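J.: Sequence and computational prediction follow.
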Amino acid sequence: MNHLPPRVTLLDVGPRDGLQNEREPVSTEVKVELVHRLQAAGCREIEVTSYVSPKWVPQMADNHAVMRAITRAPGVRYSVLTPNLKGLEAALADRPDEIVVFGAASEAFSRRNINCSIDESIERFRPVVAAALAAGVRVRCAISCALGCPYQGEVSADEVEHVVRLMKGIGVQHCGIADTIGVGTPAKVQAAMERALKYFPAAELSGHFHDTYGQALTNIYACLELGIHRFDASVAGLGGCPYAKGATGNVATEDVLFMLNGLGIETGIDLDALVDTAGWISAQLGRPPVSRVARALLAKRAAA
């Protein structure tokens, strides 16, 4: 295993990407407690909320309240989603460490999702990125539908490279390659990542994998083989994509952690504490965790 990275950073997107599509309101107190539990378990990167119109994403309407109620832990990076200048201006008042802008690798998805072409979407992000950097805030991008699209089907490595190059051109510092509908397989993932590595070093490249077809862990391993050592994951497997019918949530943080522990790769995250958090947030939402590791370990504890 000595060819794999010795350490991996996991960014937990549960508080934002995980909770944004919940049908029933999730209280501000629960969201804040989730962040506190994640950082107590050892998570050092947490995607907290988004600054989008509450008309479109009502679950994130309490963004200011959540960010202001968090007790920030030293060494933890708190990121937020800002789709436009208005969102950025609102976010800056809450002092995030990092903002996230989203673009699609699929032209069809871009037009259906944000009603403009890929190139137009990048131009919309240009002033957002510039303003964030001017304010001393780090900028990350997420490239959605990089491995397949619900509308156009296949997405090529050329299409991924096109968006990666544009994002680099507007000053984005970190690039996330996202399999929004979970159709990626290892060879395709490596092809996309190799294109992205032409513009971003491995330390500033990450993978974001949904587990719709059960491929997320194998896709993460495929990235590890390329030296990529940063991944998004969502505690308890929370989340989905409102624009991709049938797409399940992100791969569960505890499932990724179990695999990494087995490979002897350091993360700084405590598995038992993370499983506690998965059980807790799932109970708040009134359902069992999607995560196989959380279900197995919670059942083992109950039996003991």
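T.: Alright, I've got the coordinates. Everything quoted here is computed from the prediction, not taken from an experiment. Numbers count the residues shown, from 1 in each chain.

J.: hey, where'd the helices end up in this protein?
T.: Taking DSSP state H as the criterion, the chain carries its helices at 28-40, 63-69, 85-92, 107-114, 118-134, 157-169, 186-196, 216-224, 253-262, 271-285, 292-303.

J.: Which of those comes out lowest on mean pLDDT?
T.: When the helices of the chain are compared by mean pLDDT, helix 107-114 comes last with a mean of 90.

J.: TSV for the helices of the chain, including mean neighbour count and distance to Ile177?
T.: Using the backbone N, CA and C atoms, a C-beta is placed for each residue, glycine as well. Shown next, in TSV, are the helices of the chain (neighbours: other CB atoms under 10 Å; distance: least, CB to CB, whole Å):
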stretch	mean neighbour count	distance to Ile177
helix 28-40	20	23
helix 63-69	18	26
helix 85-92	18	23
helix 107-114	19	14
helix 118-134	17	15
helix 157-169	20	7
helix 186-196	20	6
helix 216-224	21	9
helix 253-262	23	16
helix 271-285	21	24
helix 292-303	15	24
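
J.: quick one, which of those helices is nearest to Val101?
T.: The closest of these to Val101 is helix 118-134. By CB to CB, the value is 4.6 Å.

J.: now could you export just the CA positions of the closest one as CSV?
T.: Extracted in CSV, the C-alpha atoms of helix 118-134 (Å, rounded to 0.1, in the frame of the first residue of the first chain):
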residue,chain,number,x,y,z
ILE,A,118,-21.2,26.6,-19.0
ASP,A,119,-19.1,29.5,-20.4
GLU,A,120,-21.8,32.0,-19.2
SER,A,121,-21.8,30.4,-15.8
ILE,A,122,-18.1,30.9,-15.4
GLU,A,123,-18.3,34.6,-16.3
ARG,A,124,-21.0,34.9,-13.6
PHE,A,125,-18.5,33.4,-11.1
ARG,A,126,-15.6,35.6,-12.2
PRO,A,127,-16.6,38.7,-10.0
VAL,A,128,-17.6,36.4,-7.1
VAL,A,129,-14.1,34.7,-7.1
ALA,A,130,-12.4,38.1,-7.4
ALA,A,131,-14.3,39.6,-4.6
ALA,A,132,-13.7,36.6,-2.3
LEU,A,133,-10.0,36.6,-3.0
ALA,A,134,-9.9,40.4,-2.3
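
J.: Counting by contacts, list what it packs against.
T.: Judged by 3 or more CB pairs under 8 Å, 6 or more residues apart in numbering; DSSP states H and E, helix 118-134 is in contact with helix 85-92, strand 98-104, helix 107-114, strand 138-144, helix 157-169.

J.: Out of the ones you listed, flag the one nearest Asp179.
T.: strand 138-144 (8.8 Å).

J.: Run through who's touching the closest one.
T.: 77, 79, 97-106, 109, 113, 125, 129, 132-133, 160, 163-164, 167, 171-178, 180, 208 (CB atoms under 8 Å, 6 or more residues apart in numbering).

J.: surely Pro150 meets Phe109?
T.: Yes: in terms of CB atoms under 8 Å, Pro150 counts as a neighbour of Phe109; the distance is 7.2 Å.

J.: got a pLDDT number for Asp12?
T.: Asp12 is assigned a pLDDT of 98 by the prediction.

J.: ignore the last one, Gly240
T.: At Gly240, the model reports a pLDDT of 62.

J.: now Pro74
T.: So, for Pro74, pLDDT stands at 97.

J.: quick one, phi psi at it?
T.: Pro74 has phi and psi values of phi -60, psi 140 when expressed as degrees, to the nearest 10.

J.: Quick check: it vs Leu10, distance?
T.: Separation of Pro74 from Leu10 (CB to CB, to the nearest Å): 18 Å.

J.: Thanks again, I'm all set now.
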